[in-house]
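>>> what shape does this take:
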Amino acid sequence: MRMRKKRHLDERLEKCSDVCLGWLPDYTAEQRGDPPVPMFDVHKVFGNSNPVHLEIGCGKGRFIQQLAEENPDINFLALEQTPNVLVTAMERTCASGVKNLKYYAGKAEYLEKVLRPSSVELIYLNFSCPYPKESYAKHRLTHPLFLEIYSHILSENGYIKQKTDNQRLFEFSVENFSQNGWSLRNVSLDLHNSNITGNIITEYEERFTKMGLPIYYLEAFFKK
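I've put the predicted structure just below:
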């Protein structure tokens with residue numbers, strides 16, 4: 001079922017323009033003849049040369065907001081394709097006054113159109129949609145098509161942190177990382193009962209943990 005559009009959504013999004021870098025292009029925009037979204041120099045956007053971390057699929061933004069508040073010397077970007085959800089994250093950031101967090105609206109397929117090569121130090125993939133049907137496997141965010149994009153925008157020694165409650169997606173991810181030139185570390189089948197530290201709990205993670213579900217975790221590096 002399609003999510004009902006929130007009341008006054010367009011007006012609420014407009015009020016958050018200071019923290020939104022724009023909408024990533026897609027095939028419908030190309031068909032309409034819309035002008036392309038510019039490729040941003042993220043250091044100019046933030047006015048400094050601090051490292052850049054990116055969350056793909058930020059949801060309501062609790063995770064990335066906390067990271068930004070706790071790490072003022074890191075610039076954070078967050079991508080979310082659902083405006084109904086994105087507006088909550090952006091309103092949270094606007095209310096907090098945090099300056100080191102900006103948002104994109106759109107799909108991960110188009111990140112290379114707006115982010116320069118080797119511009120991102122760390123990518124977070126938190127509880128991405130598992131797309132359980134095999135016919136939709138190419139939409140999973142650890143499909144080789146996406147890994148190719150990540151390898152371009154990640155800096156040398158850059159890496160990915162992935163968390164999921166879905167065992168099949170985790171196995172799919174491990175297989176694709178391993179077969180496409182990535183190395184893995186800190187692989188855990190139960191993050192909350194591991195020795196891995198520094199975890200910030202997302203909204204989904206909190207829900208799944210209360211249900212007694214294990215959280216799968218890994219870090220993946222692409223050697224350039």
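>>> so who does the residue nearest the centre of the chain touch?
By C-alpha atoms, centre = their mean, the chain has its centre lying nearest to Ile56, at 1.3 Å. Going by C-beta atoms under 8 Å, 6 or more residues apart in numbering, Ile56 touches 79, 108, 111, 123-125, 128, 141. Glycine gets a C-beta too; all of them are placed from N, C-alpha and C.
>>> quick one, phi/psi of the nearest residue to Trp182 once chain neighbours are set aside?
Using C-beta to C-beta, 6 or more residues apart in numbering and skipping the chain neighbours, the partner closest in space to Trp182 is Ala220 (4.6 Å). Dihedral pair for Ala220: phi -120, psi 130, per degrees, to the nearest 10.
>>> hmm, Ser178 and Ala220 touching each other?
No. Taking contacts as C-beta atoms under 8 Å, Ala220 lies outside contact range of Ser178: 9.1 Å.
>>> neighbour count: these two, which is higher?
Using other C-beta atoms under 10 Å, the more surrounded residue of Ala220 and Ser178 is Ala220, with 26 against 12.
>>> phi, psi for Tyr131 please.
phi 40, psi 70.
>>> now the common contact residues for Ala220 and Ser178.
Taking C-beta under 8 Å, 6+ apart as the contact rule, Ala220 and Ser178 both touch Leu184.
>>> give me the low-pLDDT residue ranges for the protein?
Counting by pLDDT under 70, the chain has low-confidence residues at 1-7, 25-38.
>>> for it, what spans make up the strands?
Under the criterion DSSP state E, the chain contains strands at 20-23, 52-56, 75-80, 101-105, 120-126, 154-164, 182-188, 216-222.
>>> if we can go back for a sec, contact partners for the residue nearest to Trp182?
Ala220 is in contact with 159-160, 162, 173, 177, 182-184, counting by C-beta under 8 Å, 6+ apart.
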